[in-house]
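Asks: need a 3D model of the sequence below.
(one chain, ligands or ions: 1)
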Amino acid sequence: MEAPAVFTGVDVYQRSFDPQEYLKEFYTLSDSQGQPNTFLMENLRILFKMFSLDGLRGDTLIDVGCGPTIYQLLSACERFQEIIALDYTDQNRRELEKWLKNEPGAFDWKPVVEYVCELEGDREKWAEKQEKVRKKVRQVLKCDVTKANPTDPVSLPPADCIVSTLCLEAACKDLDTFRSALKHIGALVKPGGHLVMVTVLRETYYAFNKQVFSCLRLEKNMVEEAVEGAGFDVKFSEVQTYGPGDIRTDCEAVLSLVARKRDG
Ligand code: SAH
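Replies: Coordinates of the predicted model:
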């Protein structure tokens, strides 16, 4: 498999991204052969670690490019009171709302929630955590990270923190677009607030449900420089590497980082 000839833009997401298939493919704890989903488990572990750092707390959190997923909010919801989730694609926001409202047919996040509760010390607290996420996510809004105000025509008050997982590298066709997108989403945070990011490195595509999506091939220093260029200081960063052999993607590593927005 190889990357699409033309970088897949928002119209392709809107037309072809099937949230249920995406969730089935990437968000079960073990695959159909019973192999553990180490990619997901590592991301959950690192999110727990990042959202345990000093200073990572406050009133408001914005999740940029949430897709149909909630795993990125499971540790975060212990540190923030109100969450706003943003994504471009209508069907992804709808799928997320289905789970938030506990509607029939919503994805079963229980195994993932249990896993995070175990990391946090008490596996039995999964139902409580699910309720916490459902209560704290106050709005699910459309956004486009390539726009100066990603939530235009809505203007959000600056938040204490933003989290973004696996979004910008999928949304940005080149490094310039990536750098501007970081500035756009960086403007959604207060000075002194934080950015929490999980980004794949050296990936050019990911595929599921017979659809291939482009990914901007990034190196660690490119991401960190773009984050610094958007007015943040990197406080924490960690790389997990993945061997070849996954037919769904050519991802080689994942960079997780926390950065603090400079004052003024
Ligand atoms: N955060 C989720 C979803 C990642 S998939 C996770 O960790 O699994 C990439 C997401 O980026 C999709 O939900 C897609 O709709 C969104 N996206 C793509 N282009 C975008 C854009 N220009 N602005 C905002 N979101 C975008």
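Asks: number of residues surrounding Trp99?
Replies: The tally of other residues near Trp99 (other C-beta atoms under 10 Å) stands at 21. No exception for glycine: its C-beta is placed from N, CA and C like everyone else's.
Asks: and it, what is it in contact with?
Replies: 68, 70, 106-107, 109 (C-beta atoms under 8 Å, 6 or more residues apart in numbering).
Asks: contacts only, for the residue of the stretch 1-150 of the chain found nearest the ligand.
Replies: In the stretch 1-150 of the chain, the residue that lies nearest the ligand is Gly67 (2.5 Å; C-beta to the nearest ligand atom). Gly67 sits next to 19, 22, 87, 89, 92, 96, 166-167 when contact means C-beta under 8 Å, 6+ apart.
Asks: ok, it to Leu40 distance?
Replies: 13 Å (C-beta to C-beta, to the nearest Å).
Asks: what strand or helix carries the residue of the stretch 1-150 of the chain closest to the ligand?
Replies: Taking DSSP states H and E as the definition, one finds Gly67 inside no helix or strand.
Asks: list the buried residues of whichever helix or strand Gln130 is part of.
Replies: Assigned by DSSP H and E, Gln130 belongs to helix 126-136. Buried positions in helix 126-136, judged by neighbour count with 16 or more other C-beta atoms under 10 Å: 126, 129-130, 132-133, 136.
Asks: in the sheet, who's paired with the most centrally placed residue in the chain?
Replies: Centroid-nearest residue in the chain: Thr165, 2.0 Å away (criterion: C-alpha atoms, centre = their mean). Note on Thr165: beta-bridge partners by DSSP bridges are Val198.
Asks: re the thing from before, possible to save the contacts of Trp99 as a markdown table with pLDDT?
Replies: Formatted as a markdown table, those follow (pLDDT from 0 to 100):
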| residue | pLDDT |
| --- | --- |
| Pro68 | 98 |
| Ile70 | 98 |
| Ala106 | 98 |
| Phe107 | 98 |
| Trp109 | 98 |
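Asks: appreciated, that's everything.
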